[in-house]
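J.: predicted model follows, preceded by the sequence.
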Amino acid sequence: MKSWVLHLSLFLAGMAFIVVNLHDVEPLPFWSWSRNKVNWVAEHGEEYDTLFFGSSRMHYGLKPDVFDARMAELGTPTKSFNFALSGMRMHDVAHMLDWVVAHKPQSLKRAVIELHSFEQNIRGHQWFSDQDLEMHSSDVFWMRMQSVVLSNTPAVDKAKQAQYVLMHSASNALRLGQGSRITQDWIARAHGERLPKAYDVEDRGWQSVASVQLPHMVQAHEDFPSQREHFERQLSWKAGKAPIPALNGGFNAEAIRKQASMLRAVGIEPIYVVMPTYSTDFFGRDGVAEVAKEVRVLELDDPAPNRPLYDWAGYYDASHLGAEGAAVFSRYLADRIVECGSLQFGAATSPHYAPLAPPALAAAWSVDGQQLQLSADGLPFVGDVVVQFGDAGAQAVDGGLELAVAQPPKAVIPLVRELLYRATATVPVANVPAGEAITLQLVTMFEGKVVAVSAPMKLAPR
């Protein structure tokens, strides 16, 4: 019995010795799929004052060159790098932030961090995949376990999650299955070469989502157009702030507080961003308001006051911005970051209800000439939508907009919204002002103000 205990003790001591020394000889113990960006920041970190962190939504959605150009226009020049990586979650971001603080470039002043769920779904329902093993680092073990406890899931699921975190974290600490990677790393360093899977980074870390040809990504992109009505309904829920009880609970507010304090202590300003999406998958979204009182949070997932970020054409799929959408988001984020600098924590930035392009108005007589059919597209997500009829006459209103119909108009016809973007009306001929020179214009009013107008058009005689 004593011999068995001795042998086990020696074995465990040997394993502990190996673990400690493996950690000491690995100066860059990062995930193999992140090597290119991590090595690049290790070598070029002093070139940047702003780093972006997050998942594929930030990776494909933020273009540093566009962001920096806009910041320069606003009188706050920056030099930024997109440090986000596809597949990352909040715990993985925490690990990367720990590394940045430990290796902090003197130039780094700002960290812009995607804020999302602490939920820990088993990726692809697979155990012990390379990615999962690499990402369960020991420094975020307790944060992961705390998130399991906070998770708004049944006890059985919590037990499975806890088991998953424990086994993968232990395997990571022991570097199980990573012998070949570690050996290759040692050989590369001995020859003065870059680590395997490390290469120059283009576009300062941004990548177009269209270049990612993973089957599930391509399929999501191909399915997106046919699912437009479904996702627009989800936007309607967001815009109306309709409660989604299934998403409530489980947000690890304490982890965010500690993270923000850690960053501030070394002179890095943390700014958290809830990314714009068509999907509703933020478990714990109800907990954001609490931390927003203590840290800077830009809630850009609210579509109504952030209308420029929600043009359908800007999205590759429900969760990711395409290249054009990324350019719009990068400029918009720069505006909001500069604006929020003078605001108290928890204060909202100015709402932007109007789309980037003016709404479109179409009018056509029915075949029998007894009805005028009106339709509008590209609308703001809020407000009353009307078409004004009357004589031409320009009148400036707030926001640089111009009413093209002489006030008061001869007729005002309300339109009925179909979801968010579109609205229609069918008007009997008796209600349509007659005349060769009748001008029409679409007007959207919200809280007593004009927030969007269409280009004026002439009504063709029936």
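T.: Perfect, thanks for sending it.
J.: helices along the stretch 301-450 of the chain, start to end?
T.: 323-340 (DSSP state H, counting those that start in this stretch).
J.: so where's it shaky on pLDDT?
T.: For the stretch 301-450 of the chain, applying pLDDT under 70 flags no range at all.
J.: what about residue 357, distance to residue 455?
T.: Per C-beta to C-beta, to the nearest Å, residue 357 is found 10 Å from residue 455. In short, each C-beta sits where N, CA and C put it, glycine included.
J.: if you could redo that for residue 117, that was the one I meant.
T.: Applying C-beta to C-beta to residue 117 and residue 455 gives a distance of 42 Å.
J.: ok, those two, which is more surrounded?
T.: A side-by-side neighbour count of residue 117 and residue 455, using other C-beta atoms under 10 Å, places residue 117 first with 19 against 11.
J.: which SSE is that one in?
T.: Assessed by DSSP states H and E, residue 117 sits outside every helix and strand.
J.: got the phi and psi for it?
T.: Backbone torsions for residue 117, taken as degrees, to the nearest 10, come to phi -60, psi 150.
J.: now for the spatially closest residue to it that is not a sequence neighbour, how many residues are close by?
T.: The shortest distance from residue 117 to any non-neighbouring residue, by C-beta to C-beta, 6 or more residues apart in numbering, is to residue 283 (4.3 Å). Residues near residue 283, counting by other C-beta under 10 Å, number 22.
J.: what's near enough to touch the spatially closest residue to residue 224 that is not a sequence neighbour?
T.: Closest residue in space to residue 224, ignoring its immediate chain neighbours: residue 317 at 4.7 Å, by C-beta to C-beta, 6+ apart. Contacts here follow C-beta atoms under 8 Å, 6 or more residues apart in numbering; on that basis residue 317 touches 209, 217, 220-221, 223-224.
J.: over to residue 208?
T.: By C-beta under 8 Å, 6+ apart, the neighbours of residue 208 are 60, 322-323, 326.
J.: that one and residue 59, how far apart?
T.: 10 Å.
J.: again with residue 343
T.: To residue 59, residue 343 is 28 Å away according to C-beta to C-beta.
J.: looking at the two, which is more packed in?
T.: Just comparing residue 343 and residue 59: by other C-beta under 10 Å the higher neighbour count belongs to residue 59, 26 against 12.
J.: what pLDDT does the more buried one get?
T.: On the pLDDT scale, residue 59 is placed at 97.
J.: so how many other residues sit close to the closest residue to it other than its chain neighbours?
T.: Leaving aside its chain neighbours, residue 59 sits nearest to residue 84 (4.0 Å; criterion: C-beta to C-beta, 6+ apart). Residues within reach of residue 84, counting by other C-beta under 10 Å, total 27.
J.: then the one 10 residues further on?
T.: When neighbours are defined as other C-beta under 10 Å, residue 94 has 25 of them.
J.: again, but for the one 3 residues further on
T.: Other residues within reach of residue 97 by the criterion other C-beta under 10 Å amount to 21.
J.: you'd agree it is up against residue 258?
T.: No - using C-beta atoms under 8 Å, residue 97 is not in contact with residue 258, being 10.7 Å away.
J.: okay, the residue positioned nearest the centre of the chain: pLDDT?
T.: The centroid of the chain falls nearest to residue 275 when counting by C-alpha atoms, centre = their mean (2.1 Å). Predicted confidence (pLDDT) for residue 275: 97.
J.: that one and residue 174, how far apart?
T.: Residue 275 is 35 Å from residue 174, by C-beta to C-beta.
J.: what of residue 219?
T.: The value you get for residue 219 to residue 174, if C-beta to C-beta is used, is 37 Å.
J.: between those two, point out the one with more neighbours.
T.: Using other C-beta under 10 Å as the criterion, residue 219 and residue 174 rank with residue 174 on top: 14 against 11.
J.: quick check: that one vs residue 197, distance?
T.: Note on residue 174: its distance to residue 197, by C-beta to C-beta, is 22 Å.
J.: cool, residue 70 as well?
T.: 33 Å.
J.: higher neighbour count, these two?
T.: Using other C-beta under 10 Å as the criterion, residue 70 and residue 197 rank with residue 70 on top: 20 against 14.
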